[in-house]
Structures are given as structure tokens and as C-alpha cells.
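> Okay, here's the prediction I keep looking at, along with the sequence it came from:
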Amino acid sequence: SAVISQKPSRDICQRGTSLTIQCQVDSQVTMMFWYRQQPGQSLTLIATANQGSEATYESGFVIDKFPISRPNLTFSTLTVSNMSPEDSSIYLCSVEAPGQENTEAFFGQGTRLTVV
Amino acid sequence: GNSVTQMEGPVTLSEEAFLTINCTYTATGYPSLFWYVQYPGEGLQLLLKATKADDKGSNKGFEATYRKETTSFHLEKGSVQVSDSAVYFCALRRTGGFKTIFGAGTRLFVKA
């Protein structure tokens, strides 16, 4: 298994500002995934982050709005830039446990963001 | 492409009632199937999983069987409790760095 720590757990931010969310994993993993869960909705993948390369963004998400860093195999950050109330969501970090077949993805507890 | 469809909620049951939440999927290859649960104000937890056809996943009284012939993975519990009130997500994933694809989620309310 993998234990994921996300910080902050929640925040209230002013529109126009940026927030950086941190994700720390207790083991080395190749790929990390960032998801968004808008209120009352399911989870949508924002991007996939590999160590040492640019993140791969899903349709509808762009690097300027959601820049991602992946400096090593246990850590990643997601920044929500120039925030608006529509960015109010839960943001979740996810990893695949290393060295296992047909394994599930593990999720952090999420960052609950409210933009006012 | 890959997708997951699950029954819409909310589902409201009385304590000790039988629960079924339907889930069907479309996938290329041979994905693993999962049920995740999200309790109020909390993150996502894996409830159970099945990695190949005819596998049955089970946990905390919940069960689901991977049915390839009907492309389904329905969640069942024989007797629900108030503490089971949560949102349940059906999901699929292929190994090797692929993303997890989620259904829309089904909110369950259990009344005492």
C-alpha cells in the first residue's frame, strides 16, 4: 500500500490568488495523479505527473491554470492559479502502489478549497 | 473508450435493509474494478476490488462480483447500517500507470 499526505487539508482563498497543494507519498512511485471533485460531482483527472518530465494534462485543463511540479519520486505539488469561485472543489492526489499487478490507486485525504 | 455508469442517487434505505447499487462498465483490455466510499467530509477509501472475471470482492459486509458477460460490478450489502451513509463510487483501472475512471457516484442515506 501507499500512504499519502496532502497539505493543506482545507483552505479559503480570495479570488485572483493562487494556492499550492502538496502531496507526499511514503514510498517511491513513478506516476502521480491529480484529480478534482467539484461539489456533488465525481472525480475528474486533471493531470498525470511523472518525475523528471512535464505533466500530461487532460482535456479541459491547462498548465497555466494548474501548474504541477514533480521534483522527486515521493513528492508533487499542484497549484491552482488565479482562482475564481468555480475552482471551489476538493483536489486529490493519487498514486499507484509500486511493484504490484492489477492494483488499485491510493488517494490522499484531499484538499477542500473554497474560493470567495 | 473506457467508462463507468452507476445508478443515480440518492438512495434512501432503512437500517437493516438490503442494498444494491448497480454499476456497468465499458473498457478495452482487462481492467480491475473497484468500489470506493467517501464518508461525509472525508477523502476516498477503497471499499473492495476485483481484478479478473468472476472474482468477488468483499469488505465490511459489502460484496461485488466482476461479471464480464454483463460488464457489471454491482455493489450489495445484506443489511445496511446508519454508519454506511456515504457516497459510493464505482471505478475501473488498468495497471501500468493508467488513470482511474470513476462513475458519477451514488449517495446512500440510511435511516435509523
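Now that the structure is in, tell me what you want to look at. Numbers count the residues shown, from 1 in each chain, chains lettered A, B, ... in the order given.
> Following the chain past the lowest-mean-pLDDT helix or strand in chain A, name the next helix or strand.
Using mean pLDDT, DSSP states H and E, strand A:105-107 stands out as the lowest-scoring helix or strand of chain A, at a mean of 88. Going down the chain from strand A:105-107, the next helix or strand is strand A:111-115, by DSSP states H and E.
> other SSEs contacting that next one?
For strand A:111-115, the packing partners by 3 or more C-beta pairs under 8 Å, 6 or more residues apart in numbering or on different chains; DSSP states H and E come out as strand A:10-13, strand A:89-96. (Glycine included, C-beta is placed from N, CA and C.)
> go again using 6 Å as the cut-off
strand A:10-13 (3 or more C-beta pairs under 6 Å, 6 or more residues apart in numbering or on different chains; DSSP states H and E).
> doesn't residue A:112 make contact with residue A:10?
Yes - when contacts are counted by C-beta atoms under 6 Å, residue A:10 is listed as touching residue A:112 (4.1 Å).
> More neighbours: which of these two?
Each of residue A:10 and residue A:112 has its neighbours counted (other C-beta atoms under 10 Å in any protein chain shown); residue A:112 has more, 18 against 12.
> ok, now how distant is that one from residue B:59?
Note on residue A:112: its distance to residue B:59, by C-beta to C-beta, to the nearest Å, is 26 Å.
> cool, and residue A:69?
Per C-beta to C-beta, residue A:69 is found 35 Å from residue B:59.
> quick one: the strands in chain A?
Using DSSP state E, the strands of chain A run over residues A:4-7, A:10-13, A:19-25, A:31-37, A:43-50, A:56-57, A:68-72, A:75-80, A:89-96, A:105-107, A:111-115.
> right, so of the ones you listed, which gets closest to residue B:34?
Evaluated over the strands of chain A, closeness to residue B:34 peaks at strand A:105-107, with 8.3 Å, by C-beta to C-beta.
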